[in-house]
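>>> below: sequence and its predicted model.
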Amino acid sequence: MEIWLPIFFTSLCYLIPNIVLFKKTTLDNRLANFNSILVGLGLLAHFTILKSSISFNPINLSFSNALITTSFFSILIFWVLNFNKNFNYLQPFLLIPSIFLLIIHPLFLSNHYLTNDLSPLFITHIAVALFAYSLFTFSAYLALFILFFENKLHQKKKMDVILNESLPLIEMENFLLNINKIGFALLTIALISGVLFSEELFETPLQFNHKTVFSILAWFIYGFLLAGKKLYGWRGKKSMYISLTAFLFLVLSYLGSKFVLEIILHR
């Protein structure tokens with residue numbers, strides 16, 4: 001019962017900014033600041049849920065915990081970036097799925113503890129990997145919005161308020177490119193450090209299972225996308241679809257395997 005109170009509070013803090021966004025034709029500074037404060041309060045409550053669920057001593061990285069951790073960091077990235085850039089239009093794409101994940105979180109709670117004797121370098125590996133996943137999650141939401149933006153660009157309908165508040169399309173694509181560059185660098189570090197710490201965690205050398213294969217495939221596709229943008233100036237729907245494909249493999253590599261093992265096979 002204790003966990004439901006912060007979940008309710010967090011969900012409320014994440015829901016109200018979306019209601020404000022859709023009800024107002026323009027989001028002035030006062031309302032934007034109000035939304036920012038609510039999201040900030042939601043993040044604080046979200047962190048208390050993480051602290052309670054993950055426990056940190058030892059670390060419980062179950063499927064549901066991994067989901068709400070990635071969700072937390074994705075929203076944190078959005079919240080910080082929104083101080084300097086107008087990312088209000090991303091609120092529904094980030095906050096509404098997070099509300100859903102928080103509500104179902106207690107239903108999928110399970111224990112998947114890592115060993116107590118983790119070196120500081122391995123803890124760093126986990127942090128880098130989670131932040132890379134969170135960056136790519138944020139970039140996936142942004143890619144989805146760009147596709148949505150392109151489809152609605154010449155249509156005058158109810159979504160005009162979001163489109164009018166958005167950054168120019170070319171600026172969004174350039175920002176997405178920078179996010180993917182940082183994410184790619186972090187993913188590279190996570191893959192290399194994962195090889196180094198495989199024996200420490202699993203007491204066995206690195207194995208080429210589906211998790212490893214999907215991670216490497218995601219890394220190659222992100223690298224392919226960045227090379228295509230650099231050499232051939234790829235943009236528009238092609239680059240968005242490639243980015244989303246890479247993200248799909250990344251999801252399958254970690255969250256997909258944890259879902260099958262913990263939720264379906266109950267291991």
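Cool, the structure landed. What you are looking at is a predicted structure, and each value in this text was computed from that prediction instead of being measured.
>>> just for the stretch 151-267 of the chain, where's the confidence low?
Residues of the stretch 151-267 of the chain meeting the criterion pLDDT under 70: 152-167, 197-208, 255-267.
>>> can you map out the helices along it?
Ranges of helices in the stretch 151-267 of the chain, per DSSP state H, counting those that start in this stretch, are 160-164, 169-196, 198-202, 210-232, 237-251, 257-258.
>>> a markdown table for those helices, including mean neighbour count and distance to A45?
Placement of C-beta: from N, CA and C, glycine included. What follows is those, written out as a markdown table (neighbours: other Cβ atoms under 10 Å; distance: least, Cβ to Cβ, whole Å):
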| stretch | mean neighbour count | distance to A45 |
| --- | --- | --- |
| helix 160-164 | 15 | 26 |
| helix 169-196 | 17 | 26 |
| helix 198-202 | 13 | 31 |
| helix 210-232 | 16 | 31 |
| helix 237-251 | 19 | 26 |
| helix 257-258 | 20 | 24 |
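>>> give me the contacts around stretch 95-108.
Stretch 95-108 is contacted by residues 3-4, 7, 10-11, 14-15, 17-18, 39, 46, 49, 53, 62-64, 67-68, 71, 74-75, 262-263 when judged by Cβ atoms under 8 Å, 6 or more residues apart in numbering.
>>> buried set for that stretch?
By 16 or more other Cβ atoms under 10 Å, the buried positions in stretch 95-108 come out as 95, 97-99, 101-102, 105, 108.
>>> quick check, distance from it to the centre of its chain.
Remark: stretch 95-108 is offset 14 Å from the chain centroid, using Cα atoms, centre = their mean, to the nearest Å.
>>> what is the mean pLDDT for that stretch?
In this model, stretch 95-108 has an average pLDDT of 91.
>>> tell me the contacts of M172?
Contacts of M172 were listed using Cβ under 8 Å, 6+ apart, and they are 142, 145-146, 149, 166.
>>> apply 10 Å and report the result again.
For M172, the contact set (Cβ atoms under 10 Å, 6 or more residues apart in numbering) comprises 85, 87, 89-90, 142-143, 145-146, 149, 166.
>>> likewise W219?
With contact set as Cβ under 10 Å, 6+ apart, W219 has these partners: 184, 187-188, 190-191, 246, 249-250, 253.
>>> turn those into CSV, including distance to A227.
Formatted as CSV, the contacts of W219 follow (distance: Cβ to Cβ, whole Å):
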residue, distance to A227
F184, 11
L187, 15
T188, 14
A190, 20
L191, 17
A246, 13
F249, 17
L250, 18
S253, 21
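>>> and of those residues, the nearest to Y133?
Among the contacts of W219, L250 lies closest to Y133 (Cβ to Cβ), at 6.7 Å.
>>> can I get the helices of the stretch 151-267 of the chain in CSV with distance to S119?
Conversion of these to CSV gives the following (distance: least, Cβ to Cβ, whole Å):
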stretch, distance to S119
helix 160-164, 46
helix 169-196, 11
helix 198-202, 7
helix 210-232, 21
helix 237-251, 25
helix 257-258, 23
